[in-house]
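Student: below is the sequence, then the predicted model.
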Amino acid sequence: MDSPTEENYLKALFKLSDEKGHVSISELSAAMNVSMPTANSMVKKLDAQGWLKYERYKPLIITEKGKKKASLIIRKHRLTEMFLVEKMGFSWENVHEIAEQVEHVQSEAFFDRMDELLGYPKIDPHGSPIPDKEGKTEDQPFFQLSQCSPGQNVILRALTQSDLGLLNYLNSRSITLGTQMQVMSKESYDGSINVLYAGDRIETLSALIGEKLLVEQME
């Protein structure tokens, strides 16, 4: 049976490789908040299981087997988050830590039943795609709010990351998935964006926030 620690390393490796295309031991150790020797020892274990390819002084390469394994861990995490919100009434900022624990449950039947009860959702509460049972995800044709031009009407569909600070920020401004917004103007100096939503509410969002909000053009 795979340990939670091994699965956490693999998930971190998968996310880092997805962002950068390759991963060094130092990047992995930083992501896991452990020493280089500790990360190096775990990498050798993951290599032995065929989840990655490890050669001294070369970037780590996650294998197809490793990618699928990591995707299925992410599937369990995102299904759990959706279940907590849809069936148990948790808010979107309070589900991550619980899902981090539940994702290590090994029973496939448990998550298959969760999926069924939810009606086979395609996204989690933060708009991130839920991998299917083969570890595959559907492409999301969304773009960053920061890329919008004044006058565009868009709908918030997903977040590039779902850290607690961002979720609390959005909560304080009553912005959730599905919020319709019109880009009123953009500041040339700092990239901040003025948006109109909820009828007559106007907010100024920083360029950083605009980069984290993924939107879809309204018809």
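Tutor: Great, that's in hand. Note that the structure is predicted; figures quoted are calculated from it, not measured.

Student: what helices and strands are in contact with the helix ranked longest in the chain?
Tutor: Counting residues, the longest helix found in the chain (DSSP state H) is helix 64-86. Secondary-structure packing of helix 64-86 (3 or more C-beta pairs under 8 Å, 6 or more residues apart in numbering; DSSP states H and E): helix 4-20, helix 96-102, helix 108-118. Quick note: C-beta positions are derived from backbone N, CA and C, even for glycine.

Student: now those helices in TSV, with mean neighbour count, distance to residue 63 and mean pLDDT?
Tutor: Compiled in TSV, those are given as follows (neighbours: other C-beta atoms under 10 Å; distance: least, C-beta to C-beta, whole Å; pLDDT from 0 to 100):
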stretch	mean neighbour count	distance to residue 63	mean pLDDT
helix 4-20	17	10	88
helix 96-102	15	24	96
helix 108-118	14	21	97
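
Student: adding distance to residue 206, write the ones you listed out as a markdown table.
Tutor: Shown next, in a markdown table, are these (distance: least, C-beta to C-beta, whole Å):
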| stretch | distance to residue 206 |
| --- | --- |
| helix 4-20 | 22 |
| helix 96-102 | 23 |
| helix 108-118 | 34 |
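
Student: looking at these, which is closest to residue 169?
Tutor: helix 96-102 (15.5 Å; C-beta to C-beta).

Student: give me the contact list for that closest one.
Tutor: By C-beta atoms under 8 Å, 6 or more residues apart in numbering, the residues outside helix 96-102 that reach it are 76, 77, 78, 80, 81, 84, 90, 162, 164.
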